[in-house]
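Peer 1: okay, predicted coordinates and the sequence, questions at the end:
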Amino acid sequence: MKNNSKKTHRKIFLSRNEVELFTGTGRTESNREFWRWGDDNLFPNALALLSRRSTTHRRIINDKADYISGKGFSSDPMLPELGEFAACVNGTGESLRQLLNKLAFDKSLFGNAFVEIVTDPARSFLSLFHQDASRCRLGRDRKHILLHHDWNHFRKSEARVLPLYPDFEEMSDGTLRSAIHYKDYEPMFENYGVPPYIAGLNVSAIAYKTDRWNISRLDNSFQLSGVMVLDGSVDSEAEAEELMRTARTKFAGKPGQVLFVIKESGEADNTRFIPIASDNEGDWEKLHAQATSDIVVAHSWFRSLSGLDYSSGFNSERILHEYEVALNTVILAEQEELLEPLRAVISLIMGIDSSSLQIINRPPTRSKPLYMKVWEARKADGLDYDPEDPTQQLYVAQITKYALKNID
């Protein structure tokens, strides 16, 4: 089914005067080889550019990716090769955590993510590479993806083609390659996923525009706009234009915007400036605050996990509570969705049981009971622990600044 995402989404947040801000100007050569991602095939470009315009929107995407990718990986110590692979998944030295962070970022931003699998016929090695989702398109047969560096000017001869997992195809360098396509489910969208914040595109644009309004006021030195009425007689339109240019140079400077009007001179000099006052600052502030709140809701996220409530004080208990909710409603589900096919690939190519490969999750702030022992605290945080180690037999209270005396 053809994807018509532009009509559904792009017009939600693009005003007539800002179309050029969020869209590319080029056109693709053909869509016979792939399914368009948006009517102009540039919907990812619009989403990426919008994320660079709205601070709250971008902060949430960054934080979600960081929480989903966790703090590292744990695995069965009896399978050292599994731990070694998690530490380095490709020839560039990238760790599995770094790879997962990029996948989580793309999935949070685009609702889609792509990873390339590389091996050889003998299955003597396995490498995983993240592919920028904005450069990927689904082939017409829905069994391949096409990678291109610039979809504004697509040329088939410049594109790479990879089969979708579990299919592998041999490349010119002798390697076998495949690709995994992650996508968020959305009814009526068969080819590409839809980002979770799709209902918040309007408010993301509002937050960007209110920020831009404040920048405009700052650039104008918070001066009022108004009408400058000039008293004078002119004999021609050219003379009037010259008078206007002189007035703009002398009086306009960089205050608010000024409209100049020439009035026929009379006996008295009636040159004057008529300010246009604006008393809607409160409305703009409320609009920005409401947009920020709506963005958080659209992302299915939490304010304290993106630093939006620090102005009222750092409440570690609230952060911990919201982290627990986020962990059980968003983070763990996303982690499992990203890890499940990677575990399958590892087991298939490397021939080892990868079920013990788990992401280590830690809260953004720590709050351990003072009566907990060190080894228990390390276990709760997913760290190595040894109940027999004398140094780990101490209580948390004994190694913190709150310890006033030793605990017997």
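Peer 2: Great, that's in hand. Numbering: from 1, shown residues only.
Peer 1: what about residue 68, helix or strand, and which?
Peer 2: Element membership of residue 68, judged by DSSP states H and E, is helix 55-69.
Peer 1: do residue 145 as well
Peer 2: Going by DSSP H and E, residue 145 is in strand 144-147.
Peer 1: so which elements touch that strand?
Peer 2: Counting by 3 or more CB pairs under 8 Å, 6 or more residues apart in numbering; DSSP states H and E, the packing neighbours recorded for strand 144-147 are strand 136-138, strand 160-163. Quick note: C-beta positions are derived from backbone N, CA and C, even for glycine.
Peer 1: what helices and strands are in contact with the helix or strand following the helix holding residue 68?
Peer 2: Once the chain leaves helix 55-69, the next helix or strand it forms, by DSSP H and E, is strand 73-74. Here strand 73-74 touches strand 358-359, going by 3+ CB pairs under 8 Å, 6+ apart.
Peer 1: what does the strand it packs on contact?
Peer 2: 69, 70, 72, 73, 74, 75, 100, 335, 339 (CB atoms under 8 Å, 6 or more residues apart in numbering).
Peer 1: highest neighbour count among the residues you listed?
Peer 2: Neighbours here mean other CB atoms under 10 Å. Within the contacts of strand 358-359, the largest count is held by residue 100, at 27 neighbours.
Peer 1: that one contacts residue 68, doesn't it?
Peer 2: Yes: taking contacts as CB atoms under 8 Å, residue 100 lies within contact range of residue 68: 7.4 Å.
Peer 1: so what's in contact with these two at the same time?
Peer 2: Joint contacts of residue 100 and residue 68 (CB under 8 Å, 6+ apart) are residue 338.
Peer 1: now do the SS call for residue 114.
Peer 2: strand (DSSP: H, G, I helix; E, B strand; the rest coil).
Peer 1: show me what it is bridged to.
Peer 2: As for beta bridges, residue 114 partners with residue 131, residue 181 under DSSP bridges.
Peer 1: number of nearby residues for it?
Peer 2: With other CB under 10 Å as criterion, residue 114 counts 27.
Peer 1: per-residue pLDDT of it, please?
Peer 2: Looking at residue 114, its pLDDT is 98.
Peer 1: wait, it sits on residue 183?
Peer 2: No: counting by CB under 8 Å, residue 114 sits too far from residue 183 to count as a contact (9.5 Å).
Peer 1: what's the overlap in contacts for these two?
Peer 2: With CB under 8 Å, 6+ apart, residue 114 and residue 183 have no common neighbours.
Peer 1: what does the helix holding residue 68 rub up against?
Peer 2: 50-52, 97-98, 100-102, 104-105, 108-109, 197, 200, 204, 207-208, 211, 292, 295-296, 299, 301, 305-308, 326, 330-331, 334-335, 338, 359, 361.
Peer 1: what ranges does this structure have for its helices?
Peer 2: For the chain, helices defined by DSSP state H occupy the ranges 5, 11-13, 19-22, 43-51, 55-69, 80-87, 96-110, 201-219, 237-247, 281-298, 316-326, 332-350, 374-380.
Peer 1: so can I have CSV of the ones you listed showing distance to residue 119?
Peer 2: Shown next, in CSV, are the helices of the chain (distance: least, CB to CB, whole Å):
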stretch, distance to residue 119
helix 5, 34
helix 11-13, 42
helix 19-22, 39
helix 43-51, 28
helix 55-69, 24
helix 80-87, 12
helix 96-110, 16
helix 201-219, 39
helix 237-247, 70
helix 281-298, 39
helix 316-326, 35
helix 332-350, 5
helix 374-380, 36
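Peer 1: mean pLDDT added to the ones you listed, as a markdown table?
Peer 2: Formatted as a markdown table, the helices of the chain follow (pLDDT from 0 to 100):
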| stretch | mean pLDDT |
| --- | --- |
| helix 5 | 41 |
| helix 11-13 | 35 |
| helix 19-22 | 35 |
| helix 43-51 | 90 |
| helix 55-69 | 93 |
| helix 80-87 | 96 |
| helix 96-110 | 97 |
| helix 201-219 | 59 |
| helix 237-247 | 66 |
| helix 281-298 | 73 |
| helix 316-326 | 87 |
| helix 332-350 | 97 |
| helix 374-380 | 81 |
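Peer 1: I'd guessed residue 73 sits against residue 86; true?
Peer 2: Yes: applying CB under 8 Å as the test, residue 73 and residue 86 come out as touching, 4.3 Å apart.
Peer 1: any residues in contact with both of those two?
Peer 2: 96, 97, 357.
Peer 1: and which of the residues you listed is nearest residue 379?
Peer 2: residue 357 (18.2 Å; CB to CB).
Peer 1: for that closest one, which non-adjacent residue is closest in space?
Peer 2: Using CB to CB, 6 or more residues apart in numbering and skipping residues adjacent in sequence, the residue nearest residue 357 is residue 75, 4.9 Å away.
Peer 1: show me the contacts for the one you found.
Peer 2: 82, 83, 86, 354, 356, 357, 358 are the contacts of residue 75 under CB under 8 Å, 6+ apart.
Peer 1: good, wrapping up.
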